[in-house]
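In: From the sequence below, what's the structure:
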Amino acid sequence: MKVLKLASLTSLSISSLFVISCTSRTDNKNINNLNQIFKDYKNSFSTFHSYNDVFNQIKVYANDLNIKDLQLKDINKKNNLLIEDNIGNKNKIDFVINKKVVSFYLDKVLKNKVETIYNNDKSEVIQLGYKKDSSNQIILDQISNLTIKVPKHLPLKITSLKSSFYESNAIRIQNLDKWDTSNITDTSEMFKDAKKFNQNLNNWNVEKLQTSESMFEGAFNFNQELNNWKTTSLKNTSKMFWSAVKFNQNLNNWSTSNITDMSKMFKEAGVFNQNISNWNTENVENMEGMFSNATSFDQDLSNWKVEKVTEATGFKENINLDKKKLPKFNDKVLDTVDEVSEFEY
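Out: A predicted model of the protein is given here:
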């Protein structure tokens, strides 16, 4: 009996030591990985970042490496903003992982901006640059038209992608479809005149998106599904698909009840002919040039609610849409639907 007890105790001790050893190795691996993250992103923050912003962003990178239980040590400092620093000795944030403190020493912290970093030929963005604009939006820097690869994580602080891929030469951009766009409110002119671009972005989270004005304007080659988009916050779709000459995808799942401006939305979208008769247009005020020169469009829109529409000049300019299929505009608006809509560049 004594021999059995001794054997059991010995076995238990060995097992405990094994667990401690494995835990220790895991802890060390996580700390080493965390320090590598700190090294990689030491120049990736600005004075508009709080300690909590930094913590949340680091957690995104840590999750990729299966680092769990990461915490901010000084929770009372979570709203403190980073200090402008061109040298690299003014900003230190302490993290806790498995009861161990690991310090993040930030290097360069610029005022209201983060610098874009490319590889030598600008085909790849190594670090996404962004800045605070005059309206206090945090906007992504315009990306080089040579770029075909971006980081897989869009910084959480960014709220605007306005003009970010304007005149891009890429057909698709590696990792772009992986971006978490849940904080984005503005994609206006994002792919404007990106003539070759044709990438599936159907899984993007756009629930906060308010304006997509000119998002695909002049994106001649774009023809991808967007029907998974939850567009409940969308207010402005003006010129969204203007001259997107190949675009012909179903959009009947879109929530359109908050949109006020649909002017030129499908202007010169020459093959678009999808059934959007179920759209809620009760708050739309401007439909000027909406289907101007969209020569294939022939859907019944007679059930659209358009009581608030005050401008629809050129709504069906140069298209053969039967009068019976038109929304029930008031007489003043109806008289203008065949006129030439305002020309813009």
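In: residues contacting Leu201?
Out: Residues near Leu201 by C-beta atoms under 8 Å, 6 or more residues apart in numbering: Leu176, Asp177, Gln224, Leu226. Where you see a C-beta, it was placed from the backbone N, CA and C, and this is true even at glycine.
In: mind checking pLDDT for it?
Out: pLDDT for Leu201: 99.
In: Can you report how many residues neighbour Lys316?
Out: Per other C-beta atoms under 10 Å, the neighbour tally for Lys316 reads 25.
In: can you check Ser103 too?
Out: Ser103: 11 surrounding residues under other C-beta under 10 Å.
In: Give the bridge partners for it, please.
Out: Beta bridges link Ser103 to Asp94 when assigned by DSSP bridges.
In: from the middle of its chain, how far away would stretch 41-48 be?
Out: 20 Å (C-alpha atoms, centre = their mean, to the nearest Å).
In: List the contacts of it.
Out: Under C-beta under 8 Å, 6+ apart, the answer for stretch 41-48 is 53-54, 57-58, 61, 81-84, 88, 104-115, 127, 131-132, 138, 155, 157.
In: rerun that using 6 Å as the cut-off
Out: For stretch 41-48, contacts defined as C-beta atoms under 6 Å, 6 or more residues apart in numbering pick out 54, 82, 84, 106-114, 132.
In: repeat for stretch 169-180
Out: Asn145, Ile148, Lys149, Val150, Lys152, Leu154, Lys196, Asn198, Gln199, Leu201.
In: Just the buried residues of it, please?
Out: By neighbour count with 16 or more other C-beta atoms under 10 Å, stretch 169-180 contains the buried residues Ala170, Ile173, Gln174, Leu176, Trp179.
In: What is the end-to-end distance of that stretch?
Out: Taking C-alpha to C-alpha, to the nearest Å, stretch 169-180 runs 23 Å from one end to the other.
In: Just say helix, strand or coil for Lys59.
Out: helix (DSSP: H, G, I helix; E, B strand; the rest coil).
In: which residue packs closest to it, ignoring adjacent ones?
Out: In this structure, Lys59 finds its nearest non-sequential neighbour in Leu70, 5.8 Å apart by C-beta to C-beta, 6 or more residues apart in numbering.
In: Helices along the stretch 51-200 of the chain, start to end?
Out: Under the criterion DSSP state H, counting those that start in this stretch, helices of the stretch 51-200 of the chain are mapped to 51-64.
In: Show me where it dips below the pLDDT cut-off.
Out: Scanning the stretch 51-200 of the chain for pLDDT under 70 picks out no residues.
In: Strands of that one, start to end?
Out: Taking DSSP state E, counting those that start in this stretch to define them, one finds strands in the stretch 51-200 of the chain at 70-72, 92-97, 100-105, 113-114, 117-118, 125-127, 130-132, 138-140.
In: For Trp254, which of those strands is the nearest?
Out: strand 138-140 (24.0 Å; C-beta to C-beta).
In: Out of the contacts of stretch 41-48, which end up buried?
Out: Val54, Leu82, Leu106, Asp107, Lys108, Val109, Leu110, Lys113, Val114, Lys132.
In: I figured the last one was touching Asn112, is that so?
Out: Yes. Under the criterion of C-beta atoms under 6 Å, Lys132 is in contact with Asn112, at a separation of 4.3 Å.
In: Tabulate the contacts of stretch 169-180 (CSV), appending distance to Ser46.
Out: Formatted as CSV, those follow (distance: C-beta to C-beta, whole Å):
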residue, distance to Ser46
Asn145, 25
Ile148, 26
Lys149, 23
Val150, 19
Lys152, 21
Leu154, 15
Lys196, 32
Asn198, 33
Gln199, 29
Leu201, 27
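In: which among those gets closest to Asn273?
Out: Using C-beta to C-beta, the contacts of stretch 169-180 come closest to Asn273 at Asn198, 19.0 Å.
In: what's near enough to touch the closest one?
Out: Going by C-beta under 6 Å, 6+ apart, the list of residues near Asn198 reads Ile171, Asn221, Phe222.
In: mind running it again at 7 Å?
Out: Contacts for Asn198 (C-beta atoms under 7 Å, 6 or more residues apart in numbering) come out as Ile171, Arg172, Asn221, Phe222, Asn223, Gln224.
In: Determine which two of those are furthest apart.
Out: For the contacts of Asn198, the maximum inter-member distance is 12.8 Å, found between Arg172 and Asn223 (C-beta to C-beta).
In: before we move on, the earlier item: for the buried residues of stretch 169-180, which one is nearest Thr295?
Out: Ala170 (28.6 Å).
In: Next one: that closest one from Glu189, what distance?
Out: Per C-beta to C-beta, to the nearest Å, Ala170 is found 16 Å from Glu189.
In: what does Leu301 give?
Out: Distance from Leu301 to Glu189, by C-beta to C-beta: 27 Å.
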